[in-house]
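Asks: Give me a model of this one.
(one chain, ligands or ions: 1)
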Amino acid sequence: MADLQSQIAANLADVQGRIAEAAARSGRRPDEVRLVAVTKYVEPETIRPLVAAGCRLLGENRPQHLWHKAEALADLPVTWHLIGHLQRNKVRRTVPLVAMIESADSPRLVAAVDEAAAEPDRRVPLLLEVNVSGEEAKHGFEPDAVGPLLDELPGYRHVEVRGLMCMARWGGGPDAARRDFAALRELREQLRADCPEGVALDELSMGMSGDFEAAIEEGATLVRIGSALYHGVL
Ligand SMILES: *Cc1c(COP(=O)(O)O)cnc(C)c1O
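Replies: As a prediction, this is how the structure comes out:
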């Protein structure tokens, strides 16, 4: 295996270059798109070179793995986003470790995070995960359920909904993925028209290794990329 550090730095440079090109194609600056480096495939010893190469924002989809890796890497200047399903019995332990939960997928979970963040008095940034493709097995709000949840937000003082997140339908190919991303953006535009005061919905988290360029062209502000960072390493 090539030197781990240089292989990962090369992968990261490649991904960042592709992000910048996709941003340029859609008339946006590269810094309008943030890279969430997904660490679910690798152990802390592989995450360290990723951070050394410049990644500061890391994402895990499983709460227990996030707990474990955040602890193992507590000496590094990184922040964590949870990007996968959060069971309510894991909320209390997860909230103090994350800068954002990108995968809030039910009203009960939003309420549980609000409660867990009350002491100490914090406001936890959330994205609402939307099941835009309507697949049965998927977590997330139905598109029609997002508006009613936003209307309840003024009652919550410890969560701050910053935007929406989605995953493209499984196995649909690039055109279907692009349609799912466009659907999330359009839902956001619709919801913005009559959001409660103080809710901005600026963030759209969409796009993974196989489809992030289309997501950026459709307006992604956060792309969650795993496998493309570990070519030649796994
Ligand atoms: C694994 C995962 C990703 C990254 O997927 P890659 O295809 O490896 O880039 C993004 N988002 C979520 C929610 C994931 O679970």
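Asks: Surely H81 is within a strand?
Replies: Yes. Secondary structure of H81 (DSSP: H, G, I helix; E, B strand; the rest coil): part of a strand.
Asks: Contact partners for it?
Replies: By C-beta atoms under 8 Å, 6 or more residues apart in numbering, the contact list for H81 reads V36, L57, L58, G59, V98, A99, M100, I101, E102, L222. Quick note: C-beta positions are derived from backbone N, CA and C, even for glycine.
Asks: Quick one: distance of stretch 199-211 to the chain centre.
Replies: 7 Å (C-alpha atoms, centre = their mean, to the nearest Å).
Asks: How about stretch 209-218?
Replies: On C-alpha atoms, centre = their mean, the centre of stretch 209-218 falls 14 Å from the chain's centre.
Asks: Quickly check: that stretch near the ligand or not.
Replies: Yes. Applying C-beta under 6 Å from any ligand atom, one finds stretch 209-218 touching the ligand at S209, G210.
Asks: Going forward, the N-terminal residue is numbered 363.
Replies: Understood, numbering begins at 363; the last thing we discussed is stretch 571-580.
Asks: so where do the strands sit in this protein?
Replies: Taking DSSP state E to define them, one finds strands in the chain at 396-400, 419-422, 441-444, 462-466, 486-491, 521-527, 565-567, 584-587.
Asks: Report whether the fourth one contacts the ligand.
Replies: No. Under the criterion of C-beta under 6 Å from any ligand atom, strand 462-466 makes no contact with the ligand; the nearest approach is 6.8 Å.
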